[in-house]
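1. Okay, here's the prediction I keep looking at, along with the sequence it came from:
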Amino acid sequence: MPIEAIGIVGSGTEAVVLAHTLAQRGAQVRLFDLFRDNLRAASARIEWALRRENRPDLAKLIEPVQETAKLAGADMIIEAEILQPENRAAFISKIAQKAGPGCIIAVKCGVEPVTPLFDGLETPERFMGINFHPPLKSNRLAEIVRPSAASDVALEACVKLARDMGKTTVLAHDNPGVIVERLRRPFLLAAFSLLESGKGLVHQIDDAVKTAGGLPQGPFEMADYIGIDRDFQAAAAIYKLLGKPDRLKPSAVEDRLVQYGQMGRRTTVGFYIYDEGAISGENPVLRDMVSYLGISPAPPERIFAKIMRSVADEARLLAAECMVSEFDIETAAKLAFGWPKGPLAFARELGDADAQHNRPMDQWGDAV
């Protein structure tokens, strides 16, 4: 089905970039928010961007609205922002009713499954999940989540829309963490475990994965960038939703940093200290939190192998439990994290290197 009229729920950065991008492709867009000032700010940002592109005429394709009734007639509604988290299901139901039975509803996903939002609603076949990754303007990844009741028409419409926006799509069934957040858990948790066991300081572990694996960002840099509080919330939610497996137990160090109000880059202190957005030191509080901090540093290759094997193990579980293809797992990791290879490709290389030397494994799973 053609998608020509699109409603976007929210007025933050993701909503602004979506509206801007869709208008560039000729779509009619209605930007919905509960508050007028939010919509005015969003409209100003879009108009500014269009003027800089010498396309101010496209602003007429974007209409800010505050009434859900004005979303009627949309071919698709995208939830770019969760406006009412405490009453989200009822809000989604209201929007779906106003939009009409033929409208596809693509809700924001990433950590918690979205299927419970649709329980009991009519025409469940038109509900999908979609997750664009920040920064939305430059990141090419879009995770598409297909609930069990979703139709082929809804799936194809979401995939086509994302691809028309220049995105690379990966497909997953509805599950906690989808692909990216599920893979992020072992990447960070393995690093936290190494920190707590004295195998390296924060910067040594980050440097290890960058030098040994060619990754653009270490796990502690990633946690600080996301926000330690947000990462801990995601970790706790996925841990609970998957039945509290030991391998995904949230980090006590992250929890304590949250209690101290040290959330990462946006508070200028997390695992690192930041000065005007740049790292200027490691957080000295970690010496009080971690008893064996840095007492027995491991070589970079061992650190990288330990972390990446943990991610690969989780990737295999994800593929088996949720029928996610290896190609989509590898694609998601490369695009979301900027890795040169996916975790399964890295794991094969690590295994091949060990096999070539016919060496036994130690308790780390590394050759000795």
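-> On my side now, so go ahead. Keep in mind the model is a prediction, meaning the values are calculated, not measured.
2. What ranges does the stretch 51-200 of the chain have for its helices?
-> With helices called from DSSP state H, counting those that start in this stretch, the stretch 51-200 of the chain shows them at 88-99, 152-164, 180-196.
3. what comes into contact with the helix or strand following the longest one?
-> Along the chain past helix 180-196, the next helix or strand (assigned with DSSP states H and E) turns out to be helix 202-213. The list of residues contacting helix 202-213 from outside it, by CB atoms under 8 Å, 6 or more residues apart in numbering, reads 191, 194-195, 199-200, 215-221, 271-272, 282-283, 286, 294, 297-301, 303-305, 307-308, 339-340, 346. Heads up, the C-betas are built off the backbone N, CA and C, glycines and all.
4. Report the rounded mean pLDDT for stretch 143-159.
-> Stretch 143-159 shows a mean pLDDT of 96.
5. Next: stretch 62-82.
-> When pLDDT is averaged over stretch 62-82, the result is 96.
6. Quick one: end-to-end length of it, please.
-> With CA to CA, to the nearest Å as the measure, stretch 62-82 spans 20 Å from end to end.
7. just how off-centre is it within its chain?
-> Its chain's C-alpha centre lies 23 Å from the corresponding centre of stretch 62-82 when counted by CA atoms, centre = their mean, to the nearest Å.
8. and residue 299, what does it touch?
-> Per CB under 8 Å, 6+ apart, neighbours of residue 299: residue 208.
9. returning to what we had before: of the contacts of helix 202-213, buried ones?
-> When the contacts of helix 202-213 are checked for burial by 16 or more other CB atoms under 10 Å, the buried set is 191, 194-195, 199-200, 215, 217-221, 271-272, 282-283, 286, 294, 297-298, 300-301, 303-305, 307-308, 339, 346.
10. So which of the residues you listed belong to helices?
-> Those of those mapping onto helices are 191, 194-195, 219-221, 286, 300-301, 303-305, 307-308, 346, per DSSP state H.
11. which one of those is nearest residue 107?
-> Closest approach to residue 107 among those (CB to CB): residue 219, at 29.1 Å.
12. Leaving out the residues flanking it, which one is nearest to that closest one?
-> Distance criterion CB to CB, 6 or more residues apart in numbering; nearest residue to residue 219, sequence neighbours excluded, is residue 191 at 3.6 Å.
13. Distance of the one you found relative to residue 96?
-> 41 Å (CB to CB, to the nearest Å).
14. per-residue confidence at the residue lying closest to residue 290 once chain neighbours are set aside?
-> Nearest residue to residue 290, sequence neighbours excluded (CB to CB, 6+ apart): residue 196, at 5.6 Å. Residue 196 is assigned 96 on the pLDDT scale.
15. just the helices of the stretch 51-200 of the chain: most buried one?
-> helix 180-196 (a mean of 23; mean count of other CB atoms under 10 Å).
16. packing partners for that one?
-> Using 3 or more CB pairs under 8 Å, 6 or more residues apart in numbering; DSSP states H and E, the elements in contact with helix 180-196 are helix 202-213, helix 219-226, helix 228-241, helix 252-259, helix 300-322, helix 326-337.
17. out of those helices, nearest to residue 161?
-> With distances scored as CB to CB, the stretch of those nearest to residue 161 is helix 326-337 (17.4 Å).
18. Many thanks, I have nothing further to ask.
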